[in-house]
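Asker: I'd like to go over a predicted model; first the sequence, then the structure.
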Amino acid sequence: MAECILEVKDLTKRFRGRDKKGRENAEEQAAVDGVSFSIEEGECFGLIGESGSGKSTTAYMVAGLLKPDEGESLFRGHHMQMVFQDPMKAMNPRKRVIDSISEGILYHRNGLSRTEIREKALEAMDMVQLDRSFAKRYGRELSGGECQRATIARAILIRPELLVCDEVTSALDVSVQAQIMRLLDSLKNQLGLSYLFISHDIALVSSICDRVAVMYRGKIVEMGRTKDVIADSKDEYTKKLIDSVLTL
Ligand SMILES: Nc1ncnc2c1ncn2[C@@H]1O[C@H](COP(=O)(O)OP(=O)(O)OP(=O)(O)O)[C@@H](O)[C@H]1O
């Protein structure tokens with residue numbers, strides 16, 4: 001049986017509301033409310049739900065970017081990396097691509113020389129099928145898809161066991177989305193990666209995720225094997241979510 005790489009137990013995060021003038025008020029609302037799930041080694045686990053359902057807040061807590069009010073997220077690997085929605089923001093437009101990718105290893109350099117780091121960054125570019133000739137370009141000179149390949153190269157540089165992907169294809173057009181999905185799928189097999197794959201797009205999730213959890217108003221309302229959830233959802237909200245895609 002595969003080992004568990006991530007265990008999320010009862011994660012809860014509340015945010016203060018704001019009044020009409022934008023001032024924080026005392027009233028708190030749970031953006032994430034008692035969320036629990038686990039991810040096995042080599043598994044792709046999807047988190048779906050409409051905008052505002054708490055997916056990103058969950059991802060930030062898993063990645064350690066946000067402190068939960070209650071509950072915990074236990075990562076049993078060595079390295080976890082997060083890839084964000086907007087690759088153009090994630091890549092510095094004024095830095096050469098090779099330098100932005102190399103940043104991924106600077107905190108973990110383990111005595112590697114600059115040349116060795118550069119060689120590793122070039123190997124990561126090969127893995128994401130970004131031609132080495134792009135290394136000397138500046139971030140601003142890449143297309144959205146190329147930029148997302150570069151951010152994925154940066155993320156895999158330290159060989160993480162888990163990649164948290166938050167709407168990683170939302171900013172890309174459909175044909176480029178498909179290429180990035182194929183890339184993520186092949187990296188999963190090549191590197192034995194596990195994914196927490198967040199998306200509001202059920203079609204994308206069903207193309208890559210082994211299991212899926214559906215979030216609604218901060219809670220998981222349904223969880224199971226992706227094909228079972230899509231073919232035979234038990235929860236009313238999930239049914240509506242799936243129907244809305246199928247009738248598009
Ligand atoms: N820093 C914050 N301060 C106050 N409220 C927040 C903050 N971050 C998120 N929220 C609120 O928490 C709720 C969940 O937001 P979250 O971004 O996690 O949802 P989401 O499902 O990822 O949505 P989307 O798909 O649009 O990114 C929303 O109502 C949002 O307005």
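Answerer: Received, thanks.
Asker: And the helix or strand containing residue 150, what does it pack against?
Answerer: With elements taken from DSSP states H and E, the one containing residue 150 is helix 144-156. Secondary-structure packing of helix 144-156 (3 or more Cβ pairs under 8 Å, 6 or more residues apart in numbering; DSSP states H and E): strand 80-83, helix 87-90, helix 97-106, helix 114-127, helix 174-191. Quick note: C-beta positions are derived from backbone N, CA and C, even for glycine.
Asker: Using CSV, write out every CA atom in it.
Answerer: Provided in CSV are the C-alpha atoms of helix 144-156 (Å, rounded to 0.1, in the frame of the first residue of the first chain):
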residue,chain,number,x,y,z
GLY,A,144,2.1,32.6,-20.7
GLY,A,145,2.7,28.9,-21.5
GLU,A,146,6.5,29.2,-21.6
CYS,A,147,6.4,31.2,-18.3
GLN,A,148,4.3,28.4,-16.6
ARG,A,149,6.8,25.8,-17.9
ALA,A,150,9.6,27.9,-16.3
THR,A,151,7.8,28.2,-13.0
ILE,A,152,7.2,24.4,-13.0
ALA,A,153,11.0,24.0,-13.8
ARG,A,154,11.8,26.1,-10.8
ALA,A,155,9.4,24.1,-8.6
ILE,A,156,10.8,20.7,-9.5
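Asker: Now do it, average pLDDT.
Answerer: Helix 144-156 shows a mean pLDDT of 93.
Asker: repeat for stretch 225-239
Answerer: The average of the pLDDT scores along stretch 225-239 is 88.
Asker: Please state the offset of stretch 142-160 from the chain centre?
Answerer: 12 Å (Cα atoms, centre = their mean, to the nearest Å).
Asker: Could you list the buried residues of it?
Answerer: Buried positions in stretch 142-160, judged by neighbour count with 16 or more other Cβ atoms under 10 Å: 142, 144-160.
Asker: any idea whether residue 200 is helix, strand or coil?
Answerer: Three-state assignment for residue 200 (DSSP: H, G, I helix; E, B strand; the rest coil): coil.
Asker: show me what contacts it?
Answerer: 48, 49, 50, 51, 55, 167, 170 (Cβ atoms under 8 Å, 6 or more residues apart in numbering).
Asker: which residues sit against the helix or strand of the chain with the lowest mean pLDDT?
Answerer: Within the chain, no helix or strand scores below helix 87-90, which has a mean of 78 by mean pLDDT, DSSP states H and E. Residues outside helix 87-90 that contact it (Cβ under 8 Å, 6+ apart): 83, 84, 144, 147, 148, 150, 151, 171, 172.
Asker: From the ligand, how far off is the closest residue to the last one other than its chain neighbours?
Answerer: When you say that, I think you mean residue 172. Among residues not flanking residue 172 along the chain, residue 144 sits closest, at 5.1 Å (Cβ to Cβ, 6 or more residues apart in numbering). Distance from residue 144 to the ligand, counting by Cβ to the nearest ligand atom, to the nearest Å: 18 Å.
Asker: Isn't residue 144 up against residue 175?
Answerer: No: here residue 144 does not reach residue 175: they are 11.4 Å apart, not a contact under Cβ atoms under 8 Å.
Asker: helix/strand/coil for the residue positioned nearest the centre of the chain?
Answerer: Centroid-nearest residue in the chain: residue 165, 1.1 Å away (criterion: Cα atoms, centre = their mean). Following three-state DSSP, we place residue 165 in the strand state.
Asker: Pull the contacting residues for the nearest residue to residue 79 once chain neighbours are set aside.
Answerer: In space, and not counting its chain neighbours, residue 79 is closest to residue 160: 4.0 Å by Cβ to Cβ, 6+ apart. If a contact means Cβ under 8 Å, 6+ apart, then residue 160 has 77, 78, 79, 80, 81, 193 as its contacts.
Asker: Ok, residue 231 next?
Answerer: Residue 231 neighbours (Cβ under 8 Å, 6+ apart): none.
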